[in-house]
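**Student:** sequence unknown, structure follows:
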């Protein structure tokens, strides 16, 4: 099961310089264990915020310069990466540099493009593990969600990938792995934009994987990887 969330917007007026889709794939029989362990970590590190299920872990609240100065936030992110290694997870990211766009693009264009690349590499992992994968994303606007699911579903079906031919949607507050995907997306985007303080975290997150990059190819003949810079 691949849980995903995004960071950054393609609008030229938006301050982000990159668009990033972050994800974490977890074997279906380990999702409950992963959720319990991350919720326990939220309760342990942020006891004053109340029950972990009542609030959402947001990348902006942890990764921006001032919050990142707090050892509590750095230690929590380190613990999340450690927990991910205990359940056979793989962290993914796909990034676009906005300055490399030849023409202005919208989310209706960038999201399917990034999600299809993510599906290409995730499907290679599934093929290697002899598993059928599914993608679960944080919901946004209904029309965009339907468009994205249709595009990815068509791509999966025509390419014969070992994935469900759809994107499923869930609440990020109710779905802990999506909160972790948000951390992955936010940290990777900010690091790409020059936030050197996040370099060690991004490296630690992308070391979480069950298939080593370069050891197999995707169905398109490209080397498999879990950190992809699209353009």
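**Tutor:** It's in. Since the structure is predicted, the reported quantities are computational estimates derived from the model, not experimental observations.

**Student:** OK, contacts around residue 142?
**Tutor:** By C-beta atoms under 8 Å, 6 or more residues apart in numbering, residue 142 lies in contact with nothing. C-beta coordinates here come from the backbone N, C-alpha and C atoms, glycine included.

**Student:** roughly how far does it sit from residue 112?
**Tutor:** Computed with C-beta to C-beta, to the nearest Å, the distance linking residue 142 and residue 112 is 16 Å.

**Student:** same check, this time on residue 91
**Tutor:** Distance from residue 91 to residue 112, by C-beta to C-beta: 22 Å.

**Student:** higher neighbour count, those two?
**Tutor:** Taking other C-beta atoms under 10 Å, residue 91 and residue 112 do not tie; residue 91 has more neighbours (25 against 21).

**Student:** secondary structure class for that one?
**Tutor:** Three-state call for residue 91 (DSSP: H, G, I helix; E, B strand; the rest coil): strand.

**Student:** now do residue 228
**Tutor:** strand.

**Student:** quick one: name whatever helix or strand follows the longest helix along the chain.
**Tutor:** Ranked by residue count, the top helix of the chain under DSSP state H comes out as helix 107-129. Next helix or strand after helix 107-129 toward the C-terminus (DSSP states H and E): strand 133-138.

**Student:** which of the residues in the longest helix of the chain are buried?
**Tutor:** 107, 110-127, 129 (16 or more other C-beta atoms under 10 Å).

**Student:** please apply the same query to stretch 17-35.
**Tutor:** So stretch 17-35, judged by 16+ other C-beta under 10 Å, has buried residues 18-27, 31, 34-35.

**Student:** in TSV, list the residues you listed along with pLDDT and secondary structure.
**Tutor:** Putting the buried residues of stretch 17-35 into TSV (pLDDT from 0 to 100; DSSP: H, G, I helix; E, B strand; the rest coil) gives the following:
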residue	pLDDT	secondary structure
18	97	strand
19	97	strand
20	98	strand
21	98	strand
22	98	strand
23	98	strand
24	98	strand
25	98	strand
26	98	coil
27	98	coil
31	98	helix
34	98	helix
35	98	helix
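
**Student:** possible to save those residues as a markdown table with distance to residue 173?
**Tutor:** Below are the buried residues of stretch 17-35 laid out as a markdown table (distance: C-beta to C-beta, whole Å):
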| residue | distance to residue 173 |
| --- | --- |
| 18 | 25 |
| 19 | 23 |
| 20 | 21 |
| 21 | 20 |
| 22 | 17 |
| 23 | 18 |
| 24 | 17 |
| 25 | 21 |
| 26 | 18 |
| 27 | 23 |
| 31 | 16 |
| 34 | 16 |
| 35 | 13 |
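
**Student:** pLDDT at the residue of the chain most remote from its centre, what is it?
**Tutor:** Relative to the centre of the chain, the most outlying C-alpha is that of residue 48, 27.3 Å out, by C-alpha atoms, centre = their mean. For residue 48, the pLDDT comes out at 95.

**Student:** how close does it get to residue 197?
**Tutor:** Per C-beta to C-beta, residue 48 is found 24 Å from residue 197.

**Student:** what of residue 116?
**Tutor:** 32 Å.

**Student:** residue 75 too?
**Tutor:** Residue 75 is 14 Å from residue 197, by C-beta to C-beta.

**Student:** picking up where we left off before, quick one: mean pLDDT over the longest helix of the chain.
**Tutor:** 96.

**Student:** again, but for stretch 161-171
**Tutor:** 97.

**Student:** just for this structure, where's the confidence low?
**Tutor:** Low-confidence segments of the chain (pLDDT under 70): none present.

**Student:** now the strands: where do they sit in it?
**Tutor:** 2-7, 18-25, 90-97, 133-138, 163-170, 227-229 (DSSP state E).
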